[in-house]
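Novice: model the following, please.
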Amino acid sequence: MIHINPFDPMTLLLIALLNPATIAIAWIMGRGADQWQKLPIAAFAAALSGFLLYYAAAFVGVFKVHAVGGEAGLVALQFLFGFAWAGAAYMTAPRKA
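Specialist: Numbers count the residues shown, from 1 in each chain. This is a model prediction of the structure:
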């Protein structure tokens with residue numbers, strides 16, 4: 001069992017950066033976007049799916065969480081990283097002529 005310290009900024013940063021749901025959803029939606037204006041929507045969806053994965057993992061006991069204390073910050077960081085992942089996917093996607 002992994003123990004997460006309450007409100008540790010580095011822990012929040014690592015959770016947001018390495019959350020596989022955030023990365024996967026942002027990449028898939030960014031790759032499928034046909035306009036750059038859709039990237040914030042992809043980032044928002046990625047942030048919420050990442051938070052749901054985090055909550056589900058804590059709920060089933062993958063790691064011990066009493067209160068991280070930065071849940072809103074976690075979603076905001078996941079939004080920023082999701083936007084970066086979606087942007088990278090958008091830039092590398094093949095375009096139809």
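
Novice: not counting sequence-adjacent ones, nearest residue to the most centrally placed residue in the chain?
Specialist: Geometric centre of the chain, nearest residue: Thr22, 3.0 Å, by C-alpha atoms, centre = their mean. Nearest residue to Thr22, sequence neighbours excluded (C-beta to C-beta, 6 or more residues apart in numbering): Gly50, at 3.4 Å. Quick note: C-beta positions are derived from backbone N, CA and C, even for glycine.

Novice: how many residues are close by the one you found?
Specialist: By other C-beta atoms under 10 Å, the residues close to Gly50 number 28.

Novice: hang on, it packs against Ala21?
Specialist: Yes: the pair Gly50 and Ala21 qualifies as a contact (C-beta atoms under 8 Å) at a distance of 4.6 Å.

Novice: could you point out which element follows the lowest-mean-pLDDT helix or strand in the chain?
Specialist: Lowest mean confidence among the helices and strands of the chain (mean pLDDT, DSSP states H and E): strand 2-3, at a mean of 68. Next helix or strand after strand 2-3 toward the C-terminus (DSSP states H and E): helix 9-18.

Novice: same question for the next helix or strand after that following helix, mean pLDDT?
Specialist: Scanning forward in sequence from helix 9-18 by DSSP H and E, the next helix or strand is helix 20-32. Helix 20-32 comes out with an average pLDDT of 96.

Novice: same check, this time on stretch 75-82
Specialist: In the prediction, stretch 75-82 has an average pLDDT of 95.
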